[in-house]
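Q: Show me how the following folds:
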Amino acid sequence: MSPRAAETLRGGTCVGAAPASPRSALSLPPHTDAPRLDVGLDLICALLWGGDQAVLRLVVDDDLDPPADRIVATIRQMGTDGRAVSPATVSDQLMRRPANGPTTAVLAALRDATTRRVCPEAARDLGAAVVARSLRRRIESAGHAMQSAAYAENETDLVPMVAHIAASVAECGHRLALLRGEAGE
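A: Next up, the predicted model:
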């Protein structure tokens, strides 16, 4: 990992401003004006400022919460189409497709992502963090689903459900391993 990417992940900035505070952002009370920790928005920021878009092969839309999922889908499509990706071009593209839901929250998230000061070099590590959170959500959701279905469903329905859950978790885990460089493609 580059020193700039490591500094970003520690909470510093790419421009070499004051060093990161020894106090963790997680220890701040919720009523402060501190920026909200959101790896999805951090990933968007890295991608908007020239981060490696190849990361998007391994980060799927449902790894992200709304409205970040819509922004990443737009960035992915623009990259596939060979169009330039910048805050202005992504904003324009999002406003051209308002049929996909309200754009106010999406544009506000884009604005927040644009100003997060994340290094583009951190895109792969941030993609891994996004997928890691998605994997944990999938496992938690699977546990609840299996627990509630254990005595409410027929056994013939349980086996395919568990197989589907296992495949989904395994696929997400494989994408995470690829992003972290722990597995070959």
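
Q: what about residue 134, how many residues close to it?
A: 20 (other CB atoms under 10 Å). For glycine as for every other residue, the C-beta is placed from the backbone atoms N, C-alpha and C.

Q: Contact partners for it?
A: With contacts taken as CB atoms under 8 Å, 6 or more residues apart in numbering, residue 134 has the following neighbours: 62-64, 172.

Q: Quick check on the residues you listed: which are buried?
A: Among the contacts of residue 134, those scoring as buried are 63-64, 172 (criterion: 16 or more other CB atoms under 10 Å).

Q: Turn the residues you listed into TSV, columns for distance to residue 47 and secondary structure.
A: Listed next are these as TSV, based on distance: CB to CB, whole Å; DSSP: H, G, I helix; E, B strand; the rest coil:
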residue	distance to residue 47	secondary structure
63	14	helix
64	12	coil
172	20	helix
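
Q: okay, these in TSV with distance to residue 106 and pLDDT next?
A: As requested, the buried ones among the contacts of residue 134 are arranged in TSV below (distance: CB to CB, whole Å; pLDDT from 0 to 100):
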residue	distance to residue 106	pLDDT
63	17	97
64	12	96
172	24	97
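
Q: Centre of the chain to whichever helix or strand residue 164 is part of, how far?
A: Applying DSSP states H and E as the criterion places residue 164 in helix 155-180. Its chain's average C-alpha position is 19 Å from that of helix 155-180, according to CA atoms, centre = their mean, to the nearest Å.
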